[in-house]
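Visitor: Sharing a model prediction with you, sequence too.
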Amino acid sequence: MPTKLMMVFVGMDFLFAGCGALLLGFSLISEQSLRNPPTINNVTQNVLLGQCPLTAGVVNAIFIFVTFLLSLPAMFLPTNRGWLRAQGWLVVICATFTLSLGLAIWLETLQTRQRLNLLWGSETPVIQSLLQQKFDCCGYTNSTTPPFVQDRTCLNPLVAAQKGGCIGKFSSFANRFLDQIFTAAFGIVGIDFILVLCVAMVLKCRMEQERYRHIDEKNGLGGL
């Protein structure tokens, strides 16, 4: 009969694997989205996702799956402690990796307007035009700095001057979008931390069981 501690440990271990699946799915879907032709509906997300460490996310997810597979012997070998120690250290590595990704994205949000200005200037006129149509604005700061792209939203300089620049709407969208990503990453780190605590408690419990077994053997109880 499994103990409550072991049930919690197994549950957190599978939740840990689920986080890896979530991370892998997000990274692969995002990379697929980046390969799709740009439209008004996906242009903003794709511009921002292009700055995210998606390949590192895939690598991190693979580490998580490997760690989960290595934890299976610890589930089925009730007296083993070596696999538990290995799992604990691997979970710490995965958590550090995920935390680094989350911090990298979080740091971008601290300089959103400055970074988006450089990002806007590096995009093609087609992408800039789609962004203008998406946010109903003209140019980044205003219609002249940098110059707006003439399209159906910004028909001429007079219309462009009246609509104003995209800096406010674009940066607000970017902050909300990136906040969701790094918050999810920090949430995964929280689950990793709980799993490490579970591993430590199971390891301590098995060490105590082993100690009591040795005591029983010395008392002539045959390790029962």
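Guide: Done, it's in.
Visitor: For the nearest residue to residue 3 once chain neighbours are set aside, which three-state class applies?
Guide: What sits nearest to residue 3 in space, not counting adjacent residues and going by Cβ to Cβ, 6 or more residues apart in numbering, is residue 205, at 7.8 Å. Backbone N, C-alpha and C define where each C-beta goes, glycine included. Put simply, residue 205 is helix when judged by DSSP: H, G, I helix; E, B strand; the rest coil.
Visitor: these two touch, right, residue 205 and residue 5?
Guide: Yes: at 6.3 Å, residue 205 and residue 5 qualify as touching, with contact defined as Cβ atoms under 8 Å.
Visitor: Neighbours of the residue nearest to residue 3, how many?
Guide: Using other Cβ atoms under 10 Å, residue 205 has 14 other residues around it.
Visitor: what do you get for residue 58?
Guide: Neighbourhood size, residue 58 [other Cβ under 10 Å]: 16.
Visitor: Would you mind listing where this protein has pLDDT under the threshold?
Guide: Along the chain, segments meeting pLDDT under 70 span 1-2, 209-210, 212-224.
Visitor: Tell me where it has helices.
Guide: 4-35, 43-49, 54-76, 82-110, 112-122, 125-135, 157-163, 167-218 (DSSP state H).
Visitor: dump the residue contacts of residue 125.
Guide: Residue 125 makes contacts with residue 149, as judged by Cβ atoms under 8 Å, 6 or more residues apart in numbering.
Visitor: and the gap between the residue lying closest to residue 147 once chain neighbours are set aside and residue 154?
Guide: Leaving aside its chain neighbours, residue 147 sits nearest to residue 139 (6.5 Å; criterion: Cβ to Cβ, 6+ apart). The gap separating residue 139 from residue 154 is 8 Å, by Cβ to Cβ, to the nearest Å.
Visitor: Please enumerate the shared neighbours of the two.
Guide: Residues within reach of residue 139 and of residue 154 at once, by Cβ under 8 Å, 6+ apart, are 132, 148, 160.
Visitor: hang on, the second one packs against residue 138?
Guide: Yes: if you go by Cβ under 8 Å, residue 148 and residue 138 touch, sitting 3.9 Å apart.
Visitor: which residues do these two both contact?
Guide: 132, 154, 160.
Visitor: most neighbours, which of those?
Guide: Tallying neighbours with other Cβ under 10 Å puts residue 132 at the head of the shared contacts of residue 148 and residue 138, with 27 neighbours.
Visitor: what sits against the most centrally placed residue in the chain?
Guide: By Cα atoms, centre = their mean, the chain has its centre lying nearest to residue 185, at 3.6 Å. Counting by Cβ under 8 Å, 6+ apart, residue 185 makes contact with 98-99, 101-102, 105.
Visitor: This completes my enquiry, with thanks.
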